[in-house]
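Student: Based on what follows, work out the 3D shape:
(one chain, ligands or ions: 1)
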Amino acid sequence: MPILNENYLNLKESYLFSEIAHRVNNYIVHNPDKKVIRLGIGDVTLPIGPTVIAKLHEGVEELGSADTFKGYGPEQGYEFLRSAIVDYYSQNKISIVSDEVFVSDGAKSDTGNITDLFDKDNVILIPDPVYPVYVDTNIMNGRKITYLDANETNQFLPMPDPKTHADIIYICSPNNPTGATYNKEQLKEWVDYALENDAIILFDAAYECFITDAALPRSIYAIEGARKCAIEFCSLSKTAGFTGTRCGYTIVPKDLKFTTSTGIEISLNAMWNRRQTTKFNGVSYIVQKGAAAVFSAEGMAQCRENIKYYQENARIIAAGLSQKGIRCFGGVNSPYIWFKCPNDMDSWDFFDELLTKAQVVGTPGAGFGKNGQKFFRLTSFGNRENTIEAMARIDKLL
Ligand SMILES: *Cc1c(COP(=O)(O)O)cnc(C)c1O
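Tutor: Coordinates of the predicted model:
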């Protein structure tokens, strides 16, 4: 009999979105005549722009001809895409080289898979509330987690405590679910803390494209010293509507070196390369072809159009809630609006109330950690009409 990885038993019963789907489906079965509006799951809805679509088609055609056919590609991604990403960073005056870029099927896989590089015994800091993947993947590996409280007191932007040591620090900025975004000074404190502690920052920048305030950093590498202490995860999911197409990339700087227990210096870039070449065979050529077009001037302009549309939805949601005297977080540099449930309600209770009385689906804050217990997340990824209608229903309900 195989001995199982019983760490799985320590995971919370169900993944947040499965529980939401379960409750929504149950409601729909019993109320087939009601129109349910979903402002819950963080999935985009607008179609991919024509420039990227044209390149995806081109990729398909190339596979149908012997002289342009592609088999296995480089596990780390095609050079044409890696260098497009390098150029994208250089537009923000950040200098990376193409073999620091690892193309993947998305940031969820990479933020989970990165745990392969670290021993079980590490002090791991994870903000609470946060994207559940960081927590669950560490629990699967039997690691202990120290939670960093993010709450109204610190504006959902927890800062390092110089008196306590950590080895691995997860940061998601702009944050999912709170929308809170660190400024340069705050991120500098985290980088300094990481350097001081010989720690590593795992920086999730999946929402960098939603940053409107030009003073806010869109990459951890905008901070001096970060190349020595941070890995950055990015995704085309929210940037370019690739949630179903699947493509992301992870930056592992070559300056990132740590010493083993026997005193040997190891490059994390080399380790990640070894990990990926062993366990991953790369993203499909077609998708990479489309992904490279995202970074063209035309492709990016089309992505920006979509992002603007979502940002207007976010503004509508935040304005509607504010009108009810509800204080909102996020929504400006992020597609997410985060707020305290009215009347001191518990977030799952508020979820049920919103679903059954207004037929609006949101995401209970409790699904993101204990500090989310009384909070709620709405997303701007719906269509305009539905967003307006949802807010009208919420206006009537509250
Ligand atoms: C959506 C999201 C991602 C992107 O995941 P993909 O696997 O690239 O679709 C990564 N991190 C966070 C926090 C997210 O919300």
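
Student: contacts, neighbours, all on C-alpha from now
Tutor: OK.

Student: And the helix or strand harbouring Glu305, what's buried?
Tutor: Here Glu305, judged by DSSP states H and E, is contained in helix 297-323. For helix 297-323, burial by neighbour count (16 or more other CA atoms under 10 Å) applies to 299-300, 302-304, 306-307, 309-321.

Student: strand partners of the helix or strand following that helix, parallel vs antiparallel please.
Tutor: Per DSSP H and E, the first helix or strand lying C-terminal to helix 297-323 is strand 328-330. Strand 328-330 sits in its sheet next to strand 336-340 (antiparallel), going by DSSP bridges.

Student: what's the angle from the partner strand to helix 297-323?
Tutor: 20 degrees (axes from the mean of the first three to the mean of the last three CA atoms, to 10 degrees).

Student: So which residues make contact with the next helix-or-strand element following strand 336-340?
Tutor: Next helix or strand after strand 336-340 toward the C-terminus (DSSP H and E): helix 347-358. Contacts with helix 347-358, where a contact means CA atoms under 8 Å, 6 or more residues apart in numbering, come from 24, 27, 36, 341, 360-366, 372-376, 390, 393-394, 397.

Student: next helix or strand past helix 347-358?
Tutor: With DSSP H and E, the next secondary element past helix 347-358 is strand 360-361.

Student: Show the buried residues in the contacts of helix 347-358.
Tutor: 24, 27, 36, 341, 360-366, 372-376, 390, 393-394.

Student: From those residues, which land in strands?
Tutor: 360-361, 363-364, 375-376 (DSSP state E).

Student: Now the two most distant members of those residues.
Tutor: Val360 and Phe375 (15.7 Å; CA to CA).

Student: Now do the same contact list for Lys228.
Tutor: Here Lys228 is in contact with 195, 253, 255-257 (CA under 8 Å, 6+ apart).

Student: Could you tell me which of the residues you listed belong to strands?
Tutor: Lys257.

Student: Any chance of the contacts of Lys228 in TSV with distance to the ligand as columns?
Tutor: What follows is the contacts of Lys228, written out as TSV (distance: CA to the nearest ligand atom, whole Å):
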residue	distance to the ligand
Leu195	24
Pro253	19
Asp255	24
Leu256	22
Lys257	25
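
Student: does Lys324 really touch Asp395, like I thought?
Tutor: Yes: counting by CA atoms under 8 Å, Lys324 touches Asp395, with 7.3 Å between them.

Student: Next to the ligand, which bits of the stretch 1-150 of the chain? Give me the list.
Tutor: Neighbours of the ligand within the stretch 1-150 of the chain, by CA under 6 Å from any ligand atom: 106-109, 131.

Student: Just send those back as CSV, with secondary structure and pLDDT too.
Tutor: CSV is the format used below for these (DSSP: H, G, I helix; E, B strand; the rest coil; pLDDT from 0 to 100):
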residue, secondary structure, pLDDT
Gly106, coil, 98
Ala107, helix, 98
Lys108, helix, 97
Ser109, helix, 98
Tyr131, coil, 92
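
Student: So which residues of the stretch 101-250 of the chain form helices?
Tutor: Taking DSSP state H, counting those that start in this stretch to define them, one finds helices in the stretch 101-250 of the chain at 107-113, 132-140, 184-197, 236-240.

Student: counting contacts, what elements does the shortest one pack onto?
Tutor: For helix 236-240, the elements it packs on are helix 297-323, judged by 3 or more CA pairs under 8 Å, 6 or more residues apart in numbering; DSSP states H and E.

Student: and stretch 294-309, how far out from the chain's middle?
Tutor: 19 Å (CA atoms, centre = their mean, to the nearest Å).

Student: An error on my part: the question was meant for stretch 196-205.
Tutor: Chain-centre distance of stretch 196-205: 16 Å, with CA atoms, centre = their mean.
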